[in-house]
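Colleague: this one's sequence-less:
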């Protein structure tokens, strides 16, 4: 999927070691909460007669309806007619398993756990917000062939001259990028030299290896990397952290016209979606009465303008040689 500049700040930090470490620590909790939000979606519902719909199965007196089964099937590409019944049976068994898990969760009183109740309410709010946006998006035209062709021609770094990069990403404290360090980075031509400079300056860092196609990078970063070569450095800033990205290697892998068409369409549809979302939120804010409280009230009084993404990292211009480029953070979605 092609990622636009509105997603730049997310993708730049997502591969940092600290982020990966936090993700590993919280991954199981996130998965568990997702499961619980699914299985507890019907918490508190009593078995009741089916109102006009067919019943596919009963689980301890609770019904799994054909309507539920059809909803799941709508997102599944059925194979040959001979295998269709087998796929339906597998999906029905998944729904039965979900119902069993939900019932066990209720038995264990998970439906009364404050953390899970908050997670369910947040999931409900997200689903309702998505529904409003989907209704606003209904009927909007798909990107035209002319729009898609124009986009492809204006972004050779993603298509005709696409590269797959092997990157070394250093994550350091934003205030650790001091003038003397930048001057050393100017002379550095290997990750080892960068590490030695950071250690000598007593700057803590985390280093991870990243392999990415150009379309998986922020669009602005992909365009900056195109004229660069092995050993060059890109520096990004994101809040209290900065990412120093070292180009280990790359290879040319252009996308063919069909791959390009799919990616471009997805990108342009997402861009239109973000435009509609921004307009919708602006419209709703204009009509709403919003009051900030506590510390947020003081911050709003000091800066009455709408919330903005954090400013980009500002580095001294004289410390930016040809092979050290400053990255620009995009707008947060």
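Modeller: The structure has been received and is ready for your questions. These numbers were taken from a predicted model, which means no experiment stands behind them.
Colleague: every contact and neighbour count from this point should use C-alpha atoms.
Modeller: Fine.
Colleague: count the neighbours of residue 74 for me.
Modeller: Using other C-alpha atoms under 10 Å, residue 74 has 9 other residues around it.
Colleague: for residue 239, same thing?
Modeller: Using other C-alpha under 10 Å, residue 239 is surrounded by 15 other residues.
Colleague: equivalent analysis for residue 164, please.
Modeller: Here the number of neighbours of residue 164 (other C-alpha under 10 Å) works out to 18.
Colleague: pretty sure it sits in a strand.
Modeller: Yes. Residue 164: assigned to a strand according to DSSP: H, G, I helix; E, B strand; the rest coil.
Colleague: what residues are up against it?
Modeller: 211, 212, 213, 214, 250, 251, 252, 253 (C-alpha atoms under 8 Å, 6 or more residues apart in numbering).
Colleague: over to residue 56?
Modeller: Applying C-alpha under 8 Å, 6+ apart to residue 56 gives the contacts 63, 64, 65, 66, 69, 92.
Colleague: just those now: which is nearest residue 139?
Modeller: Ranked by distance to residue 139 (C-alpha to C-alpha), these are led by residue 69 at 27.1 Å.
Colleague: the closest one reaches residue 91, doesn't it?
Modeller: Yes. If you go by C-alpha atoms under 8 Å, residue 69 and residue 91 touch, sitting 7.1 Å apart.
Colleague: residue 276 and residue 129: what is the separation?
Modeller: Noted for residue 276: a distance of 13 Å to residue 129, by C-alpha to C-alpha, to the nearest Å.
Colleague: try residue 110
Modeller: From residue 110 across to residue 129, the span is 25 Å (C-alpha to C-alpha).
Colleague: quick one: which of these two has more around it?
Modeller: Between residue 110 and residue 129, counted using other C-alpha under 10 Å, residue 110 has the larger neighbour count: 17 against 11.
Colleague: my read is that the more buried one contacts residue 116, right?
Modeller: Yes. With contact defined as C-alpha under 8 Å, residue 110 reaches residue 116; the gap is 7.0 Å.
Colleague: show me the domain layout of this protein.
Modeller: Listed by automatic domain parsing, the domain ranges of the chain are 1-20+162-283+307-333, 52-123.
Colleague: out of those domains, which comes closest to residue 293?
Modeller: domain 1-20+162-283+307-333 (15.1 Å).
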